[in-house]
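> After the sequence you'll find the predicted model.
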Amino acid sequence: MSMEDSNLWHYLSVEDVLAKLETDLEKGLTAAEVEHRRSKYGSNVLTAKKKQSLIIRFLLQFHQPLIYILLAATLIAASLHEWVDAGVIFGVVLVNAVVGFLQEAKCQGLKSD
C-alpha cells in the first residue's frame, strides 16, 4: 500500500496534506469551494449523544459478570438463612455500584468542561 492510498495522515508532510486536500495554508478555501464541499460531504458538525438518565447509569453499574456472581452468592446465602453473610455481600455490591457511579459522574463532569 502506497502512502497516497493510505489514510495515515500523520505520516504525511504538511505540504502533502495540503496537496491531498487541495487547499492553501495561507488563504484556506474559497467560499465557493466551502459550499461545494459542504454539499458533497455535509456540514462539519458532531451530533450530540443522548444522555442516559441517572437511574439507568446507576443500574448499569450492576451489569458486570462479577456483580452477577456476587448477587447469586447473596441469594444463596439468604436461602441458607445466612443473613449476615448475605447482607455483607449485598453491601459490597451496593458500595461498588455507588463508587462506580460517582466516579463515572465525576469523569463525565470533567469531560464536559
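That came through fine. Everything numeric here is computed off the predicted structure, so don't read it as measured data.
> hmm, who's touching stretch 34-42?
Here stretch 34-42 makes contact (C-beta atoms under 8 Å, 6 or more residues apart in numbering) with L29, N44. Backbone N, C-alpha and C define where each C-beta goes, glycine included.
> May I see the buried residues of it?
By 16 or more other C-beta atoms under 10 Å, stretch 34-42 has no buried positions at all.
> now that stretch: mean pLDDT?
If you average the pLDDT over stretch 34-42, you get 89.
> Which parts of the protein belong to which domain?
Here the domain parsing of the chain from automatic domain parsing is 9-41, 54-112.
> Lowest average pLDDT across these?
Among these, domain 9-41 carries the lowest mean pLDDT (a mean of 87).
> gap between that domain and the chain center?
Relative to the mean C-alpha coordinate of its chain, domain 9-41 is positioned 29 Å out (C-alpha atoms, centre = their mean, to the nearest Å).
> Endpoints of it, how far apart?
End-to-end distance of domain 9-41: 19 Å, with C-alpha to C-alpha, to the nearest Å as the criterion.
> Tell me the buried residues in whichever helix in the chain runs longest?
Longest helix of the chain, by residue count under DSSP state H: helix 83-112. Neighbour counts over helix 83-112 (16+ other C-beta under 10 Å) mark A86, I89, F90, V93, N96, A97, G100, F101 as buried.
> now swap in stretch 18-33 and tell me
Buried-residue list, stretch 18-33, by 16+ other C-beta under 10 Å: empty.
> Where do the helices of the protein begin and end?
Using DSSP H, helices in the chain cover 14-21, 31-41, 54-59, 65-79, 83-112.
> quick one: contacts of the shortest one?
By C-beta under 8 Å, 6+ apart, the surrounding residues in contact with helix 54-59 are A97, F101, E104, A105.
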